[in-house]
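Enquirer: Below are the sequence and a predicted model for it; my questions follow.
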Amino acid sequence: MIAHKRVFGPDDQQQFAVLSGDNNPLHLDPVRARRFLFGKTVVHGVHLLMWTLDSLLATCKHNYRIRTLKALFRKPVFPGDEVTIEHTSCPGKSIQVDITSSGEVKAKVEVELSQTHVVPNQKRSPHLNAPPLCEPLILTEADLSGRKGSLVLHLPQAEYQRLFPNLARSIEPLQASALLSISRLVGVKCPGLNSILHEIDVSDKAQRTKSRLNYRVAGFDERTQRLSMNVGSPLLSGGLITFVRPSPARQAGCSELDELVKNNEFSDQNALVIGASRGLGEVTAKLLAMGGAAVTGTFNLGEQDAKRVTEEINLADGQIRFFHLDVTTSDLVEPFAKRSGFDPTHLYYFC
């Protein structure tokens with residue numbers, strides 16, 4: 001058995017986004033990702049899949065086509081996690097691989113490759129420029145029903161060969177570009193911003209289309225937010241299953257919260273709110289300030305959120321100041337002990 005291990009970092013995320021066109025902030029923006037389902041950035045599912053395929057071909061010298069491919073993404077992989085796969089020296093007719101991290105199976109890949117005796121088709125090829133980076137769409141249930149369209153297939157050579165040298169050497173380019181376009185489809189076009197890729201199930205059934213990935217929504221279950229799509233390209237077609245994740249919650253404003261507290265209800269408090277830039281910490285800081293407390297808030301990544309909360313509270317005649325604090329690397333008391341005049345009476349902890 002051969003084992004491959006890999007740690008995906010922020011630079012890897014950025015490079016894959018350029019290659020695929022999937023610039024969903026779930027994968028790239030730690031601040032915005034805090035408000036999404038997993039609380040931090042997640043490695044692209046198709047990046048995991050293509051790294052797995054690239055690893056399988058590391059010791060092979062032939063050209064291959066994907067006959068069938070099924071990938072099931074069970075749990076997220078986060079940047080900084082070490083992932084592992086194990087496989088035989090060279091893929092046979094069919095191979096199954098588990099992508100594991102910290103003792104858990106994160107994804108399963110089942111692929112059947114067929115050896116070919118010709119170089120990848122250069123006459124029918126994807127566009128060699130990078131795909132355009134577009135803001136991910138936010139689609140409603142009404143938008144998703146029956147939605148269809150197509151994406152141009154792209155495969156920028158320098159980026160492709162740098163990230164996946166074995167795929168670039170051995171796999172038909174139209175198939176590789178179709179996989180990359182699936183990432184862009186799910187993360188940017190449909191479902192778009194609030195998407196989770198769950199399953200890819202494709203085979204080498206050809207469709208009469210020139211260097212494009214066509215897609216059509218096959219069904220949407222509003223109870224589970226499960227979206228199924230049919231996809232077709234010149235050399236790879238099949239189905240996808242995705243989920244529409246909940247949109248980030250909007251916290252109530254000071255004007256709304258002011259009605260819930262009495263004048264000077266908290267005026268005896270010199271309050272320290274850990275994690276006051278978003279979520280429950282943001283609401284707590286606003287309630288305290290509207291009730292007359294002197295509030296000190298902390299943020300880790302959300303500096304812009306902290307500025308927004310400060311401006312909103314100040315405009316409502318409340319008092320708050322913010323300091324940066326990472327509770328995973330700093331002592332909770334030391335950063336404030338040296339600040340003159342700071343003697344908190346209450347601690348609210350929402351990191």
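Expert: Yep, it's here. Numbers count the residues shown, from 1 in each chain.
Enquirer: where do the strands sit along this structure?
Expert: Counting by DSSP state E, the chain has strands at residues 2-7, 63-73, 82-87, 94-101, 104-116, 148-152, 195-203, 212-221, 226-232, 237-244, 270-274, 294-299, 319-324, 346-349.
Enquirer: For Ser255, which of the ones you listed is the nearest?
Expert: Among the strands of the chain, strand 319-324 comes nearest to Ser255, with 15.8 Å by Cβ to Cβ. For the C-beta atoms, the positions are set from N, CA and C on the backbone; glycine is no exception.
Enquirer: That closest one pairs with which strands?
Expert: strand 294-299 (parallel) (DSSP bridges).
Enquirer: what does the strand it pairs with rub up against?
Expert: Outside of strand 294-299, the residues within contact range by Cβ atoms under 8 Å, 6 or more residues apart in numbering are 269-277, 281, 285, 288-289, 305-306, 309, 313, 318-325, 336, 342, 344, 351.
Enquirer: Mind doing that once more with 6 Å?
Expert: Strand 294-299 is touched from outside by 270-274, 276-277, 285, 288-289, 306, 319-323, 325, with contacts defined as Cβ atoms under 6 Å, 6 or more residues apart in numbering.
Enquirer: cool, and stretch 36-54?
Expert: The contact list for stretch 36-54 (Cβ under 6 Å, 6+ apart) reads 8, 16, 26-27, 30, 33, 71, 73, 76-77, 79, 85, 97, 99, 107, 109, 164, 166-167, 179, 183, 197, 245.
Enquirer: picking that back up, just name the most buried of the strands of the chain.
Expert: Counting by mean count of other Cβ atoms under 10 Å, strand 294-299 has the highest mean neighbour count of the strands of the chain, with a mean of 24.
Enquirer: Show me the shaky parts of this protein.
Expert: Residue ranges of the chain with pLDDT under 70: 1, 88-93, 117-124, 330-341.
Enquirer: repeat that with 50
Expert: The chain contains residues with pLDDT under 50 at 120-123.
Enquirer: so where do the helices sit in it?
Expert: Counting by DSSP state H, the chain has helices at residues 10-20, 25-28, 30-33, 45-56, 141-144, 157-163, 165-170, 173-184, 254-258, 279-290, 303-315, 334-337.
Enquirer: any chance of these in CSV, with distance to Ser125 too?
Expert: Shown next, in CSV, are those (distance: least, Cβ to Cβ, whole Å):
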stretch, distance to Ser125
helix 10-20, 16
helix 25-28, 27
helix 30-33, 35
helix 45-56, 18
helix 141-144, 32
helix 157-163, 10
helix 165-170, 13
helix 173-184, 6
helix 254-258, 56
helix 279-290, 48
helix 303-315, 42
helix 334-337, 56
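Enquirer: what's the most buried one of these?
Expert: With a mean of 26, the top stretch among these by mean neighbour count (mean count of other Cβ under 10 Å) is helix 173-184.
Enquirer: elements contacting that helix?
Expert: If contacts are counted by 3 or more Cβ pairs under 6 Å, 6 or more residues apart in numbering; DSSP states H and E, helix 173-184 sits against helix 10-20.
Enquirer: quick one, the helix it packs on and strand 2-7 angle?
Expert: Here helix 10-20 runs at an angle of 100 degrees relative to strand 2-7 (axes from the mean of the first three to the mean of the last three Cα atoms, to 10 degrees).
Enquirer: which residues are in contact with helix 10-20?
Expert: So helix 10-20 is contacted by Asn23, His27, Leu28, His44, His47, Pro79, Ala130, Glu159, Leu180, Ser183, Arg184 (Cβ under 6 Å, 6+ apart).
Enquirer: for that helix, the distance to its chain's centre please.
Expert: Offset of helix 10-20 from its chain centre (Cα atoms, centre = their mean, to the nearest Å): 12 Å.
Enquirer: again, but for stretch 297-317
Expert: In terms of Cα atoms, centre = their mean, the gap separating the centre of stretch 297-317 from the centre of its chain is 26 Å.
Enquirer: for stretch 15-33, same thing?
Expert: On the basis of Cα atoms, centre = their mean, stretch 15-33 sits 7 Å off its chain's mean C-alpha point.
Enquirer: Same question for stretch 311-318.
Expert: How far stretch 311-318 lies from its chain's middle: 34 Å, per Cα atoms, centre = their mean.
Enquirer: And for stretch 224-243?
Expert: Relative to the centre of its chain, stretch 224-243 is centred 18 Å away, using Cα atoms, centre = their mean.
Enquirer: May I have the distance across it, first residue to last?
Expert: End-to-end span of stretch 224-243 (Cα to Cα, to the nearest Å): 8 Å.
Enquirer: what's the distance between stretch 101-110 and the middle of its chain?
Expert: Its chain's C-alpha centre and that of stretch 101-110 lie 17 Å apart, by Cα atoms, centre = their mean.
Enquirer: end-to-end on stretch 202-212?
Expert: One end of stretch 202-212 sits 15 Å from the other (Cα to Cα).
Enquirer: buried stuff in it?
Expert: Within stretch 202-212, the residues scored as buried using 16 or more other Cβ atoms under 10 Å are Val202, Asp204, Ser211, Arg212.
Enquirer: and which of these is nearest Arg65?
Expert: Closest approach between the buried residues of stretch 202-212 and Arg65, by Cβ to Cβ: Asp204, at 6.0 Å.
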